[in-house]
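Visitor: how does the following fold in three dimensions:
(one chain, ligands or ions: 2)
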Amino acid sequence: MVDAPLFHPTFGSRPSRIVGRDIEIESILNGLHTATGARERCTLILGQRGMGKTALLLEVEERAKQEGYVVARVSHNEDMLEEVIELIQLKGSPYVQERKRPVKGFSAGALGFSVGLTFTETTQRNYGFRVKLDLLCQKLEESGKGVLVLVDEVKTSEKMRQLATTYQNLVGDERSIAMCMAGLPHAVSSVLNDSVLTFLNRAQKIKLGPISNQEVRAYYASAFEQLGLTCSQDILDSASHEAAGFPYLMQLIGFYIVRYAEGSHAVDASVLKQAIRSARSDFEDNVFSPILAPLSDKDRLLLDAMSQDDGPSKVADLLERMGMSDSRFQPYRARMIDAGIVESPRRGELVFAVPFLADYLRSKNEALS
Ligand SMILES: Nc1ncnc2c1ncn2[C@@H]1O[C@H](COP(=O)(O)OP(=O)(O)O)[C@@H](O)[C@H]1O
Ligand SMILES: [Mg+2]
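Guide: Ligands and ions are numbered 1, 2, ... in the order given. As a prediction, the model looks like this:
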């Protein structure tokens with residue numbers, strides 16, 4: 001019996017099995033085992049949309065809980081500081097000894113708490129985020145628990161500065177606290193360039209790249225077997241090749257294969273073809289469109305110029321195609337690299353970091369001409 005669907009192509013969902021990412025998960029969890037204040041206790045995860053940032057945070061949350069952490073996971077927003085406090089109170093309370101209401105006049109919650117992790121009214125009213133988080137860390141530490149704060153969709157903001165500065169201060173006070181943040185490459189790079197947040201450059205950085213073809217293939221093989229679908233080696237090869245290591249695309253292709261194979265017990269070439277077509281179309285709508293929408297015409301010009309090449313583009317060719325000098329070209333190159341859309345594997349060369357984006361741009365441009 002299968003409890004959760006094996007393929008679940010929805011952003012922010014916890015996959016029924018996390019494929020690949022062993023090294024990344026280990027690095028983050030190892031960070032939690034290091035001494036208070038070690039740089040590995042703070043991790044920044046960066047990756048394109050659909051690369052599995054949220055899935056990784058969800059996995060880390062589960063694993064960290066098993067290792068004695070109370071975890072507060074928030075998506076960056078205006079109220080995230082209050083959410084962090086409330087989540088720690090909620091998730092940490094089972095680990096804290098409930099005391100009877102203190103007798104009036106008795107040192108009513110010397111540490112600022114009335115019952116469990118509920119603050120006294122005075123604490124609640126008079127103190128801000130830093131003191132509250134500090135009190136929670138201290139109280140949980142008495143029960144042998146650490147605090148892990150996870151921030152998804154990280155961005156530069158006043159709240160982010162407050163959160164990170166508080167983290168830094170609590171680390172200075174030797175509290176058992178750790179932090180892990182995830183975001184799009186350009187959001188993470190703006191965080192690192194912020195004058196207040198610049199200390200995060202010391203954090204452990206994890207760039208989420210594609211999952212290996214082998215792992216995708218093995219996952220497809222076991223998932224189809226579990227679903228009672230037979231599948232030739234060729235079909236497995238093609239399906240995993242088409243997923244290009246992108247977790248979201250892997251989920252989409254798997255999902256559509258299962259849908260189109262319904263009623264039969266085998267995945268044949270026509271099912272695969274149909275599945276790839278549907279998966280690509282969803283991928284374009286949900287990954288390419290949001291990536292391309294915020295770009296300026298000039299940025300698009302660079303991507304279009306790159307899309308004329310089948311493999312890596314030579315910068316010299318791009319300059320010629322775009323009619324630009326090297327110095328005018330540099331800011332575009334830097335912006336596209338920052339945005340995680342383009343990579344420079346070798347000096348003087350650029351490649352797309354997002355699979356099939358070149359094909360997509362080519363087909364759009366053909367349709368226009
Ligand atoms: N390592 C993985 N193994 C299996 N599925 C994954 C993995 N990472 C992500 N996914 C799935 O891919 C899709 C996109 O992942 P998500 O974490 O939402 O991406 P991001 O937060 O980077 O935009 C989701 O359906 C998710 O369950
Ligand atoms: Mg996400």
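Visitor: I'd like the average pLDDT over stretch 346-365.
Guide: Averaged over stretch 346-365, pLDDT sits at 89.
Visitor: CA atoms of that stretch as PDB?
Guide: Below are the C-alpha coordinates for stretch 346-365, written out as PDB (Å, rounded to 0.1, in the frame of the first residue of the first chain):
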ATOM      1  CA  ARG A 346      35.500  28.300 -17.800                       C
ATOM      2  CA  ARG A 347      37.000  31.600 -18.400                       C
ATOM      3  CA  GLY A 348      35.500  33.200 -21.500                       C
ATOM      4  CA  GLU A 349      32.500  30.800 -21.600                       C
ATOM      5  CA  LEU A 350      28.900  31.000 -20.400                       C
ATOM      6  CA  VAL A 351      26.300  28.200 -20.100                       C
ATOM      7  CA  PHE A 352      22.700  28.100 -19.000                       C
ATOM      8  CA  ALA A 353      22.300  26.900 -15.400                       C
ATOM      9  CA  VAL A 354      18.600  26.000 -16.000                       C
ATOM     10  CA  PRO A 355      17.900  23.000 -18.100                       C
ATOM     11  CA  PHE A 356      16.100  23.500 -21.400                       C
ATOM     12  CA  LEU A 357      16.000  27.200 -21.100                       C
ATOM     13  CA  ALA A 358      18.000  27.500 -24.300                       C
ATOM     14  CA  ASP A 359      15.500  25.300 -26.200                       C
ATOM     15  CA  TYR A 360      12.700  27.300 -24.800                       C
ATOM     16  CA  LEU A 361      14.100  30.700 -25.800                       C
ATOM     17  CA  ARG A 362      14.900  29.300 -29.300                       C
ATOM     18  CA  SER A 363      11.400  28.100 -29.800                       C
ATOM     19  CA  LYS A 364       9.900  31.400 -28.600                       C
ATOM     20  CA  ASN A 365      12.200  33.300 -30.900                       C
END
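Visitor: what lies in contact with it?
Guide: 48, 210, 244-246, 249, 280, 283-284, 287-288, 291, 303-304, 306-309, 311-316, 318, 333, 336, 340-345 (C-beta atoms under 8 Å, 6 or more residues apart in numbering). All C-beta atoms are positioned from the backbone trio N, CA, C, and that covers glycine.
Visitor: inside helices: which ones of the residues you listed?
Guide: The members of the contacts of stretch 346-365 that map onto helices under DSSP state H are 249, 280, 283, 291, 303-304, 306-307, 315-316, 318, 333, 336.
Visitor: Gly183: which of those is nearest?
Guide: Within the ones in helices among the contacts of stretch 346-365, the smallest distance to Gly183 is 14.2 Å, found for Ile291 (C-beta to C-beta).
Visitor: quick one, what contacts that closest one?
Guide: 48-49, 339, 341, 354, 357.
Visitor: residues contacting whichever residue of the chain sits closest to ligand 1?
Guide: Residue of the chain nearest ligand 1, by C-beta to the nearest ligand atom: Gly52 (2.6 Å). Contact analysis of Gly52 by C-beta under 8 Å, 6+ apart lists 21, 208, 211, 247-248.
Visitor: equivalent analysis for Cys42, please.
Guide: 31, 167, 178-180, 200, 202-204.
Visitor: neighbours of Val271, how many?
Guide: Per other C-beta atoms under 10 Å, the neighbour tally for Val271 reads 22.
Visitor: any idea how far the lowest-mean-pLDDT helix or strand in the chain is from the chain center?
Guide: Least confident helix or strand of the chain, by mean pLDDT, DSSP states H and E, is helix 357-368 with a mean of 86. In terms of C-alpha atoms, centre = their mean, to the nearest Å, the centre of helix 357-368 is set 28 Å apart from its chain centre.
Visitor: any idea how far the residue most central in space within the chain is from Leu140?
Guide: Closest to where the C-alpha atoms of the chain average out (C-alpha atoms, centre = their mean) is Lys53, at 1.6 Å. The gap separating Lys53 from Leu140 is 27 Å, by C-beta to C-beta, to the nearest Å.
Visitor: please apply the same query to Thr118.
Guide: Thr118 sits 14 Å away from Leu140, going by C-beta to C-beta.
Visitor: who has more neighbours, the two?
Guide: More neighbours surround Leu140 than the other of Thr118 and Leu140, with 25 against 16 (other C-beta under 10 Å).
Visitor: now do the residue lying closest to that one once chain neighbours are set aside against Asp282, distance only.
Guide: In this structure, Leu140 finds its nearest non-sequential neighbour in Gly92, 5.2 Å apart by C-beta to C-beta, 6 or more residues apart in numbering. When distance is defined by C-beta to C-beta, Gly92 is 39 Å away from Asp282.
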